[in-house]
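Student: Fold the following for me, if possible:
(one chain, ligands or ions: 2)
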Amino acid sequence: MTNAPEPCKTCGSATKITTLGSFRGEQGPVVVIVNGMPALVCDQGHKRFLYPGFADRLMDFVADAEKVAPQPPAARRGWFRKRYHCNGCDAELPAVPTKKSECVLDASFENAAPFKVVVQVALYKCEGCGREQVLTNEEVARCAPEAVAHGIRAEDIHTDR
Ligand SMILES: [Zn+2]
Ligand SMILES: [Zn+2]
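Tutor: Ligands and ions are numbered 1, 2, ... in the order given. Next up is the predicted model:
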């Protein structure tokens with residue numbers, strides 16, 4: 001990082017490294033909330049990631065289901081209609097989630113002040129043994145980066161590719 005960040009690519013105003021508040025995105029069973037991420041913000045309020053690749057890094061950061069969701073996931077059965085069974089007692093799980101898990105990750109990316117990323121995932125509670133679990137790691141891994149992308153769009157943070 002240099003002391004004088006490059007000017008805003010949208011309007012040409014001076015930018016400075018600013019800590020953003022909180023932004024969130026949701027996709028399928030996953031909600032991602034990004035708290036205090038540093039970004040380049042200009043005098044007109046245009047926001048840009050600190051450097052190229054930062055957004056990809058943020059999406060990759062949440063894409064590991066084993067890191068962001070309680071383990072193990074439910075067991076999947078059935079060929080035509082997928083059914084999910086408890087990973088503990090094998091009872092079929094209810095159709096709707098009962099609550100969300102919450103995992104707080106410390107994001108320490110190079111050349112950036114550390115910030116927090118909260119990942120919430122829908123949990124299904126077994127009516128047999130009470131165990132709470134996610135349905136599949138694949139779905140979590142697919143949806144978490146998409147949730148981040150939705151959050152980036154909602155917060156209107158520009159990316160350099
Ligand atoms: Zn600007
Ligand atoms: Zn069970």
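Student: Please name the bridge partners of the spatially most central residue of the chain.
Tutor: Centre of the chain computed as the mean C-alpha position; nearest residue by C-alpha atoms, centre = their mean is Val32, 3.6 Å away. Per DSSP bridges, the residues bridged to Val32 are Gly25, Val119.
Student: separation between it and Thr18?
Tutor: 20 Å (C-beta to C-beta, to the nearest Å). Using the backbone N, CA and C atoms, a C-beta is placed for each residue, glycine as well.
Student: do Ala91 as well
Tutor: From Ala91 to Thr18 the distance is 50 Å (C-beta to C-beta).
Student: Give me every residue in the protein lying close to ligand 1.
Tutor: Cys8, Thr10, Cys11, Ser13, Cys42, Gln44, His46 (C-beta under 5 Å from the ion).
Student: Show me those residues that map onto strands.
Tutor: Cys42 (DSSP state E).
Student: any chance of the residues of the chain next to ligand 1 in CSV, plus neighbour count?
Tutor: Shown next, in CSV, are the residues of the chain next to ligand 1 (neighbours: other C-beta atoms under 10 Å):
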residue, neighbour count
Cys8, 20
Thr10, 13
Cys11, 12
Ser13, 13
Cys42, 20
Gln44, 11
His46, 18
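Student: Report the buried residues of stretch 7-26.
Tutor: Cys8, Thr15, Leu20, Phe23, Arg24, Gly25, Glu26 (16 or more other C-beta atoms under 10 Å).
Student: got the contact list for the last one?
Tutor: Contacts for Glu26 (C-beta atoms under 8 Å, 6 or more residues apart in numbering) come out as Val32, Ala147, His150.
Student: Counting by contacts, list what whatever helix or strand Ala144 lives in packs against.
Tutor: In this structure, Ala144 sits in helix 137-155 according to DSSP states H and E. Secondary-structure packing of helix 137-155 (3 or more C-beta pairs under 8 Å, 6 or more residues apart in numbering; DSSP states H and E): strand 22-27, strand 30-35, helix 54-61, helix 65-68.
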